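Asks: here you go, sequence then predicted model.
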2 protein chains.
Amino acid sequence: MNLSEMSQEQLKNFLAQTQKEYDEIKAKGLKMDMSRGKPSPAQLDMSLPMADVIGSDPKDYLTANNTDVRNYGILDGIDEAKELFAPMLGVSKSEIFIGGSSSLTLMYDTLAKLIIFGASEKDTPYCKQEKIKFLCPVPGYDRHFFITEQFGIEMINIPMTEEGPDMDMVEQYVNNDPAVKGIWCVPMYANPTGITYSDETVKRFANLKPAAKDFRIFWDNAYCIHHLSDTPDKLLNILDECKKTGKEDMVFIFGSTSKITFAGAGVAVMGMSKKNIKYFKSLISAQAIGYDKVNQLRHVKFFKNYEGLLKHMEKHTAQLAPKFKVVLDTMEKELAPLGIGNWHKPNGGYFVSFDAPKGTAKEIVALCKDAGLVLTGAGATFPYGNDPDDSNIRIAPSYPTPEELQLAIDLFCVCVKLAAAKKLVK
Amino acid sequence: MNLSEMSQEQLKNFLAQTQKEYDEIKAKGLKMDMSRGKPSPAQLDMSLPMADVIGSDPKDYLTANNTDVRNYGILDGIDEAKELFAPMLGVSKSEIFIGGSSSLTLMYDTLAKLIIFGASEKDTPYCKQEKIKFLCPVPGYDRHFFITEQFGIEMINIPMTEEGPDMDMVEQYVNNDPAVKGIWCVPMYANPTGITYSDETVKRFANLKPAAKDFRIFWDNAYCIHHLSDTPDKLLNILDECKKTGKEDMVFIFGSTSKITFAGAGVAVMGMSKKNIKYFKSLISAQAIGYDKVNQLRHVKFFKNYEGLLKHMEKHTAQLAPKFKVVLDTMEKELAPLGIGNWHKPNGGYFVSFDAPKGTAKEIVALCKDAGLVLTGAGATFPYGNDPDDSNIRIAPSYPTPEELQLAIDLFCVCVKLAAAKKLVK
């Protein structure tokens, strides 16, 4: 029976029963963390053979063209790393830059350069301009918002639809307000909604006519090969689309192997037009002599080629898909019949985005915490940590074992029921 | 006989003879590179066993407190890396930040943060201030100057003495001009002079009374354990001295293992006051989730402790000292009797700084290049690539084999003689 159709007496009984269930779980003294999209130990173990591909033979450290990766140089990455990762980003070898170990850092550094130096040689640095605004599809990735907030950039919420950000609103802002300089996008299996932008959405991005000529799209394609089924979503190639409209300098694409090999010890990459590559290489040439090429070569030798990389991803799918099933099946069983909350069934990525009844997200997260389950803080998926509806909760099923996860999601559903019922009882 | 005492006829004979020697060497078609302070393959080979300390056992990836270094987190570095590197910088474990793989990048990032955010929460960002100037001891490290130039900071030359930068001049600028916000220092075995700052110099740094309260010292202690003899230079601890004067927030100390293990694939570190660590950690928390902890742990397991690190450095000394001897002995034999040029005999570091007769450095470098030897560009050791005397040449003996090096330095001396004689012949 739908919770909203219950009488006050039925609700009170439901609440008492749910409170009892909650107290029982709480008494177990659980200790679980689903706050971040961390790979599980089992996933990390899949990349352990990477330790053996480079050993103590000096020859192991030579690239195909006989460059010793143990020494200085090669700012933009070794050739074979470009070859490996270019197809992942959907760019050519001359449109990719191999960075350090974190795409988040690459994004931060790129934005920092726009602030200090401007979007091109001809543009005024953001720091010399009056006011800078970024569009933030919501719910979105908290770390994008943290970077933007720290840089003092005003953030504007753009609601997500089933096809991606509300493009009417995006066009309205971008094409009219010259202070709007950028937008954060996770175009495939978005964090946290799991939505993949439709072809129409990507085309509309490529057809933007920004009022600010230094407007840039931060296309964080973090989950582009992180499928949860063998019928993956398909994302249109943004750089190709932008080339068609002559706007190829408008987009920066990011990715990494943080959730493919080791988190924080992988390889981060960015793809962009040749003109942008040239500009950023000239700027980065003051910041670095070269990034960790030993780790680049280690990844190349481990995966061999892009096919090998995709093959490796199938193992991640095998690990993650059952976990997402636990979460979604349990919510379907426990919450759907009661008509509580909304969620999207993601076909990839790392999260389930749950929209609780308005005004209950903070309470649900607090109830979970009191019973030993740490979730991403309510509000974290919105700029300034402020979810105006106090509704969205990001669930990260990757880290716990399936058994822990079942306990955790059972608890979560009890907390959701409890908060929802409390709200309805008069 | 001293060149300056020769008659014109003697000079002409000398020139003809030297030209003949040059032509003979040129005919050999040599191909050598001494442009950068790159470790030699033999030096890199010393760290090959590092590949074996972490293997394909998941337990290999656990820190002492059971943190899995393959996953996200620990922004400021694993505890055992702090313990290993803190004594190298002369700071405590709570005064060190373990960064990525390059101290140059750490310096760039630190300066970028001063530009965007200011030297502390209370200071105005450099980018919001009228004019920013940095003091640059000369000759100095070209990459310091490149960073400063790219950021649009005005550079002021400060001559180096045998005790470090000319401190009268440093005090004059720092204590009076509020636009002077920083100074670049390589305090031990300076790049390229090889000079180690005297105790008096370090104390005078700690006693600066900057007109700008956001003045900072960039103390690039790159060569602090890179000795060339068993009677190393000693450098006073700048952070300790600054604590005595209550100025501990004024200095940032940098170092890395780029020339200890693998160049570009090592571990970079910075040391600073606890207050500064807190400030920069809060800023870096938007830029990164954590740096490559697998590589941190790899270094820790390889060196075991600071004693092990110092022991490893003895092997570098054994490799490098004979190379420096080749350079210095040859210059002593070939140039000293003729009274051409000046140089300092370094007790550590990576360079020999050679001051050619005024107005000949560019020609010497060009002559070497024509005969197949690439040197660091003349002028590179000065801001804006402008050596007002066209005199200083940086010699980097580390990369070639001793045999190649002998050929190279023979050629170099011939070129010096040739340029010097040309200048005197009327």
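Replies: Noted; the coordinates are in hand.
Asks: only C-alpha atoms for contact and neighbour calcs from this point on.
Replies: Noted.
Asks: residues of the stretch 101-250 of chain A that sit close to chain B?
Replies: Residues of the stretch 101-250 of chain A found near chain B (CA under 8 Å from any CA of the partner chain) are A:101-102, A:104-105, A:108-109, A:115-116, A:127-128, A:143, A:146-147, A:150-151.
Asks: just the buried members of those?
Replies: For those, a neighbour count by 16 or more other CA atoms under 10 Å in any protein chain shown gives the buried set as A:101-102, A:104-105, A:108-109, A:115-116, A:127, A:143, A:146-147, A:151.
Asks: just put those in CSV and tack on pLDDT and secondary structure.
Replies: Shown next, in CSV, are those (pLDDT from 0 to 100; DSSP: H, G, I helix; E, B strand; the rest coil):
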residue, pLDDT, secondary structure
A:101, 96, coil
A:102, 97, coil
A:104, 98, helix
A:105, 98, helix
A:108, 98, helix
A:109, 98, helix
A:115, 98, helix
A:116, 98, helix
A:127, 96, helix
A:143, 97, helix
A:146, 98, helix
A:147, 98, helix
A:151, 98, coil
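Asks: closest to residue A:334 among the residues of the stretch 101-250 of chain A next to chain B?
Replies: residue A:143 (31.3 Å; CA to CA).
Asks: point out where the stretch 301-426 of chain A drops to low pLDDT.
Replies: For the stretch 301-426 of chain A, no stretch has pLDDT under 70.
Asks: residue of it closest to chain B, please.
Replies: Across the stretch 301-426 of chain A, the shortest distance to chain B (CA to the nearest CA) belongs to residue A:399, at 10.3 Å.
Asks: how about that residue: what's its closest non-neighbour residue?
Replies: Among residues not flanking residue A:399 along the chain, residue A:40 sits closest, at 4.2 Å (CA to CA, 6 or more residues apart in numbering or on different chains).
Asks: which residues touch that neighbour?
Replies: By CA atoms under 8 Å, 6 or more residues apart in numbering or on different chains, the contact set of residue A:40 is A:398, A:399, A:400, A:401.
Asks: most neighbours out of those, which is it?
Replies: Highest neighbour count within the contacts of residue A:40, by other CA atoms under 10 Å in any protein chain shown: residue A:398, with 26 neighbours.
Asks: touching, it and residue A:41? I think so.
Replies: No. Using CA atoms under 8 Å, residue A:398 makes no contact with residue A:41, being 9.8 Å away.
Asks: secondary structure element for residue A:403?
Replies: helix A:402-424 (DSSP states H and E).
Asks: can you pull the pLDDT of residue A:150?
Replies: Note on residue A:150: pLDDT of 98.
Asks: what is the burial count for the residue lying closest to it once chain neighbours are set aside?
Replies: Using CA to CA, 6+ apart and skipping the chain neighbours, the partner closest in space to residue A:150 is residue B:286 (7.3 Å). Neighbour count of residue B:286, defined by other CA under 10 Å: 20.
Asks: residue A:59 now?
Replies: 11.
Asks: can you read off the pLDDT for it?
Replies: We have a pLDDT of 97 for residue A:59.
Asks: SS state for it?
Replies: With DSSP: H, G, I helix; E, B strand; the rest coil as the basis, the three-state label of residue A:59 is helix.
Asks: who's in contact with it?
Replies: Shown in contact with residue A:59 (CA under 8 Å, 6+ apart): no residues.
Asks: related to what we said a few turns ago, okay, and which of the contacts of residue A:40 map to strands?
Replies: When DSSP state E defines the strands, the subset of the contacts of residue A:40 inside them is empty.
Asks: redo these as JSON lines? Include distance to residue B:21.
Replies: Below are the contacts of residue A:40 laid out as JSON lines (distance: CA to CA, whole Å):
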{"residue": "A:398", "distance to residue B:21": "71"}
{"residue": "A:399", "distance to residue B:21": "70"}
{"residue": "A:400", "distance to residue B:21": "74"}
{"residue": "A:401", "distance to residue B:21": "75"}
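Asks: if you go through the stretch 251-400 of chain A in chain order, where are the helices?
Replies: Using DSSP state H, counting those that start in this stretch, the helices found in the stretch 251-400 of chain A span residues A:274-287, A:293-303, A:306-334, A:361-370.
Asks: what sits up against the first one?
Replies: What that stands for is helix A:274-287. A:75-76, A:94-97, A:110, A:113, A:120-121, A:249, A:271, B:104-105, B:108-109, B:143, B:146-147, B:150.
Asks: I'd say residue A:273 and residue A:248 touch.
Replies: Yes. The pair residue A:273 / residue A:248 is scored as a contact, 5.8 Å apart, by CA under 8 Å.
Asks: who has more neighbours, the two?
Replies: Legend: neighbour count by other CA under 10 Å for residue A:273 and residue A:248, higher for residue A:273 (24 against 20).
Asks: and that one, how close does it get to residue A:88?
Replies: Going from residue A:273 to residue A:88 by CA to CA, to the nearest Å gives 16 Å.
Asks: what are the buried residues along stretch A:167-178?
Replies: Those would be A:167, A:170, A:171, A:173, A:174, A:175, A:178, for stretch A:167-178 by 16+ other CA under 10 Å.
Asks: can you count the residues close to residue A:257?
Replies: Other residues within reach of residue A:257, judged by other CA under 10 Å, total 22.
Asks: angles on the backbone of it, please.
Replies: Dihedral angles of residue A:257 (phi, psi; degrees, to the nearest 10) stand at phi -100, psi 20.
Asks: close enough to count as contact, it and residue A:266?
Replies: Yes. Between residue A:257 and residue A:266 there is a contact under CA under 8 Å: 5.1 Å.
Asks: so who does the residue nearest in space to the middle of chain A touch?
Replies: Chain A has residue A:191 as the residue nearest its centroid, 4.2 Å off, counting by CA atoms, centre = their mean. When contacts are counted by CA under 8 Å, 6+ apart, residue A:191 touches A:139, A:140, A:141, A:349, A:350, A:351.
Asks: quick one on the thing from earlier: helices or strands up against the helix holding residue A:403?
Replies: Judged by 3 or more CA pairs under 8 Å, 6 or more residues apart in numbering or on different chains; DSSP states H and E, the packing partners of helix A:402-424 are helix A:8-27, helix A:306-334, helix A:361-370.
Asks: distance to chain B and mean neighbour count added to the ones you listed, as TSV?
Replies: TSV is the format used below for the helices and strands packed on helix A:402-424 (distance: least, CA to the nearest CA, whole Å; neighbours: other CA atoms under 10 Å in any protein chain shown):
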stretch	distance to chain B	mean neighbour count
helix A:8-27	27	16
helix A:306-334	15	18
helix A:361-370	21	20
